[in-house]
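Everything below, folded, please.
(2 chains, ligands or ions: 2)
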Amino acid sequence: MATLQDFKTSEKSWWCPGCGDFGVLAAMQKALVAVGAEPSTTAIVAGIGCSGKLGNYINSYNIHVTHGRTLPAAMGIKLANRDLLVLAAGGDGDAYAIGMGHFMHALRRNVNVTYIVMDNHVYGLTKGQASPTSESGFQTKTTPNGSIDRPVHPLMLAVSGGATFVAQGFSSWQPQLARLIQQGIEHPGFALINVISPCVTYNKVNTYDWYKKTLVNLDDDSTYDAHTRSTALARLDATEELVTGLIYQEESVPYEDQVPGFRNTALVNQDWQVDDKTWNTIMASLE
Amino acid sequence: MVAWKIGGEQGEGIDSTGDVLSTVLSRMGYFVYGYKLFSSRIKGGHTTYKVRIASRPVEAATEVSDILVALNQETINQHAFELNGGLLLADSAFHPVMPDRVSATLVTLPLTQIAKTHGSVVMRNMVSVGASVALLNLSPDPFLDYVEAKFSRKGASIVTANQEAVMDGYNRVRDEYAGISQLTLGRPVTGDRLVLTGNDALALGAIAGGCRLMCGYPITPATDIMEALSKWLPLVGGTVVQMEDELASMSACIGAGYAGVRAMTATSGPGFSLMQEGLGLAGMAEIPVVVVDTQRSGPSTGMPTKQEQSDLMAMINGGHGDGPRVVLAPSSLEESFEDGWQAFNVADQLQTPVVIATDLSLALWSQSIDRDKLDGPRVAIERGPLVSADELGQRGQEVFHRYAITNDGISPRTLPGTINGQYLATGVEHQPSGKVSEDPTNRARMMEKRLAKLALIHSLRQSIKWEGPQNPDLVLLAIGSTVGAIREAQSVLLGEGHSVAISWLRTLSPFPIEEFTKRVAGAGHVLVVEQNATAQLAQLMRAQGVWDAHRFDSLLKYDGVQFFPSEIVDGAHPFLATYAEVQ
Ligand SMILES: Cc1ncc(C[n+]2csc(CCOP(=O)(O)OP(=O)(O)O)c2C)c(N)n1
Ligand code: SF4
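Numbers count the residues shown, from 1 in each chain, chains lettered A, B, ... in the order given. Ligands and ions are numbered 1, 2, ... in the order given. Take a look at the predicted model:
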């Protein structure tokens, strides 16, 4: 059984002291241990941003892709080797700006991938511009008079976009976050865990204190039903998505279990030499 | 050699008429080359289908026709000038009018009306086939057999109706226009052949070469590859995923390549532009992936259904940074099949993205091919250097050095799942261990490693092909579908007594400098024939230092119509004239 130590690397962290991403990393490592994962059979796809550095600090098979493209890459890995545990991680810009198209389609495709968005409502790596989750009025160097755009609501988008698992955590609330990631990994399908991960350097509005005051913990509400889409949407709307916990989950059969002709043996472990019989069938279709 | 053409409105059965004719003629032992004029709309709009038929391989278009089947007056107006004394078979339903200055023999038959007497206007294709068979002076029997096999599942009455439609068309020509056609096709050549497109052949190659995942986004003229693989991949346990765009297609293939599966995407210019960033990542992180670019007329949407070879620069140099990649160029069905499987071996062996440069004419037009040239089960699958968990244990390294510096630049890799083989694959510059680094010495070594390994391609396959005399007065040099046209031009020029060879590049990048220089050393002149406006192949040769301004010239075409051999013959004559004087 792998331990927390097994999922660590010797790489020194590049993040600013106090960055929320430390908490996300720690919770991911805890969740991996909790589900009994092994570094050699875990594949993590990271995007570009401060958040995307995550792959440097976690011992597993890591691929650091282009900005916004984690989800199609994660799909490719999972279809290639369905025995792997596949996670994707990136920032809110990576997920909901440049990667928004892929996000919506990953929801409806439902490949068994766990997606962790490290949401700080700002662009960290490019030094503090507005992100799609920034609130209207958010002032940055590119929005000196405050952002005019309205923020995207990723959780409502996910629930209405066909997601089978939607949760939100807070990097400071470790036990809940680790448990949500674990549940996401155990969910047989695409799981979104949006994680509030404050940027201490460029976001002076949405700070740890601010979140601690505003976030509502769904775990404290025993009446909340996370299995009804309309309930989930109503709660997200009422709270402006300022909630943590499991928001929505439905029964799910992952994409790879529905592909016609797809086998239980991972593609990568199959014999790729075509046999004569199959070849003749293929050739016959060209007559 | 006979050229047969049919024209009418898109959706009027033009395609099925041409398909039946090519399929049966091919089974009879003739070689066919079928190509179409079509536009980006689904129903309506003028369309034609031309089939060249011969007792030797054909792989080029021609501007002349021996038989023109016209289903409307527009076909006559637009194409009758090709006839030059040939036969014009027109449906009397539209009261055909022969334009001035057209030299052709008019054969009118009530094609539509005959079809209706057999049950439906749809059968006009069978009537047209029957009439065409009579004009070709062939026996209708193989066509009747074909109809029987094709429609037997639909019941005897359908078979009979279609056979009678064929025979009616056939007999009406024989009875009413006896002796009107002097056309002969020559002796058929026995052989077991199929009529395929380049897209078919490439998709077959991919399956044979172990491709198990295709992630794509539809685009003309690449979509057929995706559609063919959608049928075939499930038979071998693989799958096609229709992605949301080409960014996703490329990224998904990179993910699969990283995980060790052979994955491909196929696109055309607009999609290829979107894949550039991903190609850079695959090059930087040394991930095998195969991308097919079936070029069409650009830039932008350009002419989606028209031929061009204008993505060479994008395929070789596109994207930012000095991105390492290999670009292969098939020029025939056999080579499309070969590159279809070999690209995956090359990608695995060199750990780099491999682009297959095809073009619309090669991708879409149908040709005869000997079945034994498509021996999928005997294709060799070469994985390149992989490291197993046992070997890792023996190395005793604390961390696996995925990007170890080696003599040839190729570092053995682990596949996810291999115990203790974990590493970070990243588009950020990295050390041998995969850890990111901006150290200048490391940066230079890594750049050199990734670029140096590409040269190995020339030891894996022959990069230049040559046919004809070794030291000719003129070499015609081309790539892709243009090779078929230079081959036919060569045979005309040889017939005229000239000393002409043809040559084509099988690998565009890295450019086979040495092999190329040696090859053309003894040639008098080199005429580079390509389908783009800016002479991209010539520019490539200039950049590689192999262009000799005294001996090299370009012949370009960029109007969207593929080269006719006659245009190349005309283009070659001025260069050959100087040798004729010397002799
Ligand atoms: C195609 C492309 N465009 C722009 C960039 C520059 N860039 C790097 S990270 C980033 C945004 C980062 O914000 P986010 O995704 O929220 O991650 P964070 O840094 O906040 O973790 C941008 C715009 C890039 N790397 N690639
Ligand atoms: S800039 Fe912000 S997001 Fe980036 S490391 Fe620093 S605190 Fe974290």
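
The nearest residue to B:Leu537 once chain neighbours are set aside: how many residues sit nearby?
Setting aside the residues directly before and after it, B:Leu537 is nearest to B:Glu530 in space (C-beta to C-beta, 6 or more residues apart in numbering or on different chains), at 4.6 Å. Using the backbone N, CA and C atoms, a C-beta is placed for each residue, glycine as well. B:Glu530 has 26 neighbouring residues, counting by other C-beta atoms under 10 Å in any protein chain shown.

before we move on, what about the one 5 residues further on?
Neighbours of B:Ala535 under the rule other C-beta under 10 Å: 18.

I'd guessed it sits against B:Val528; true?
Yes - here B:Ala535 reaches B:Val528: they are 7.3 Å apart, a contact under C-beta atoms under 8 Å.

any residues in contact with both of those two?
B:Ser554 (C-beta atoms under 8 Å, 6 or more residues apart in numbering or on different chains).

so what's residue 276 up against?
I went with chain A, as the question did not name one. A:Asp276 touches B:Pro377, counting by C-beta under 8 Å, 6+ apart.

that's the wrong chain, I wanted chain B
B:Gln276 neighbours (C-beta under 8 Å, 6+ apart): B:314, B:318-320.

from the residues you listed, which is closest to ligand 2?
Using C-beta to the nearest ligand atom, B:His320 is the member of those that lies nearest ligand 2, at 24.1 Å.

Would you agree that closest one is in contact with B:Leu279?
No - using C-beta under 8 Å, B:His320 makes no contact with B:Leu279, being 10.4 Å away.

Report the contact partners of the closest residue to ligand 2 within the stretch 151-287 of chain A.
For the stretch 151-287 of chain A, the residue closest to ligand 2 is A:Cys199, as judged by C-beta to the nearest ligand atom, at 3.2 Å. Taking C-beta under 8 Å, 6+ apart as the criterion, A:Cys199 is in contact with A:19-20, A:50, A:120-122, A:124.

re the thing from before, show me which pair in the contacts of B:Gln276 is furthest apart.
Taking C-beta to C-beta, the two most distant members of these are B:Ala314 and B:His320; they sit 12.5 Å apart.

Just want to know which of those two has more residues nearby.
Just comparing B:Ala314 and B:His320: by other C-beta under 10 Å the higher neighbour count belongs to B:Ala314, 22 against 8.

Remind me which helix or strand that one belongs to.
Taking DSSP states H and E as the criterion, B:Ala314 maps to helix B:312-317.

cool, A:Gly245 as well?
strand A:243-249.

in the helix or strand following that strand, what counts as buried?
Using DSSP H and E, the helix or strand that follows strand A:243-249 in sequence is helix A:276-284. Residues of helix A:276-284 classed as buried by neighbour count (16 or more other C-beta atoms under 10 Å in any protein chain shown): A:278-279, A:282.

If we only consider these, which is nearest to ligand 1?
A:Ile282 (39.3 Å).

Number of residues surrounding the nearest residue to B:Gln470 once chain neighbours are set aside?
Excluding the flanking residues, the one nearest B:Gln470 by C-beta to C-beta, 6+ apart is B:Gly522, at 6.3 Å. Neighbour count for B:Gly522, taken as other C-beta under 10 Å: 12.

Quick check: the gap between the spatially closest residue to B:Leu460 that is not a sequence neighbour and B:Arg325.
Once flanking residues are discounted, B:Leu460 sits nearest to B:Val346: 6.1 Å by C-beta to C-beta, 6+ apart. In this structure, B:Val346 and B:Arg325 are 11 Å apart, going by C-beta to C-beta, to the nearest Å.

what residues are shared contacts of those two?
Counting by C-beta under 8 Å, 6+ apart, the residues touching both B:Val346 and B:Arg325 are B:Val354.

what does chain A have sitting close to ligand 1?
Chain A comes close to ligand 1 at residues A:48-51, A:67, A:90-94, A:118, A:120, A:122-126, A:131, as judged by C-beta under 6 Å from any ligand atom.

Show the average pLDDT along stretch B:192-206.
In this model, stretch B:192-206 has a mean pLDDT of 97.

Does it reach chain A?
Yes - applying C-beta under 8 Å from any C-beta of the partner chain, one finds stretch B:192-206 touching chain A at B:194, B:196, B:200, B:204.

can you tell me which of the residues you listed are in strands?
B:194, B:196 (DSSP state E).

For the residues of stretch B:192-206 next to chain A, pick the one with the most neighbours.
B:Leu204 (28 neighbours).

tell me the contacts of the closest residue to B:Gly119 other than its chain neighbours?
Closest residue to B:Gly119 apart from its sequence neighbours, by C-beta to C-beta, 6+ apart: B:Ala161 at 5.0 Å. For B:Ala161, the contacting residues are B:118-119, B:123, by C-beta under 8 Å, 6+ apart.

Turn these into CSV, including secondary structure.
Shown next, in CSV, are the contacts of B:Ala161 (DSSP: H, G, I helix; E, B strand; the rest coil):
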residue, secondary structure
B:His118, coil
B:Gly119, coil
B:Met123, helix
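
so which of the residues you listed comes closest to ligand 1?
Looking across the contacts of B:Ala161 and measuring by C-beta to the nearest ligand atom, the closest to ligand 1 is B:Met123, at 55.8 Å.

quick one: pLDDT of the closest one?
B:Met123 is given a pLDDT of 95.

can I assume it is in contact with B:Thr160?
No - counting by C-beta under 8 Å, B:Met123 stays clear of B:Thr160, with 11.6 Å between them.

So these two - more neighbours on which side?
Per other C-beta under 10 Å, whichever of B:Met123 and B:Thr160 has more neighbours is B:Met123, with 26 against 15.

domains for chain B, by residue range?
Listed by automatic domain parsing, the domain ranges of chain B are B:2-176, B:195-378, B:464-582.

how about CSV for those, with distance to A:Ile247 added?
Formatted as CSV, the domains of chain B follow (distance: least, C-beta to C-beta, whole Å):
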stretch, distance to A:Ile247
domain B:2-176, 44
domain B:195-378, 24
domain B:464-582, 50
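
Kindly provide the distance from whichever residue of the stretch 151-287 of chain A sits closest to ligand 1 to A:Thr244.
Per C-beta to the nearest ligand atom, A:Cys199 is where the stretch 151-287 of chain A lies closest to ligand 1, at 6.1 Å. Distance, A:Cys199 to A:Thr244, using C-beta to C-beta: 18 Å.

swap in B:Val261?
B:Val261 is 37 Å from A:Thr244, by C-beta to C-beta.

Pull the number of nearby residues for A:Lys127.
11.

An error on my part: the question was meant for B:Leu71.
Counted with other C-beta under 10 Å, B:Leu71 comes out at 26.

How is the nearest residue to it once chain neighbours are set aside assigned, secondary-structure-wise?
Closest residue to B:Leu71 apart from its sequence neighbours, by C-beta to C-beta, 6+ apart: B:Gly8 at 3.2 Å. Classification of B:Gly8 using three-state DSSP returns strand.

how many other residues sit next to B:Gly8?
23.

Let me see the contact set for it.
Contacts of B:Gly8 by C-beta under 8 Å, 6+ apart are B:14, B:46-47, B:70-72, B:75.

same thing but 10 Å
B:14, B:17, B:46-49, B:69-72, B:74-75, B:91, B:94, B:124, B:128 (C-beta atoms under 10 Å, 6 or more residues apart in numbering or on different chains).

cool, and A:Asn206?
Taking C-beta under 10 Å, 6+ apart as the test, what A:Asn206 contacts is A:119-122, A:133-135, A:138, A:196, A:198-199, A:214.

Buried ones among those?
A:119-122, A:133-134, A:138, A:196, A:198-199.

Among these, which are located in strands?
A:119, A:122, A:196.

I'd guessed the first one sits against A:Ala89; true?
What it means is A:Asp119. No - counting by C-beta atoms under 10 Å, A:Asp119 does not reach A:Ala89; the two are 11.3 Å apart.
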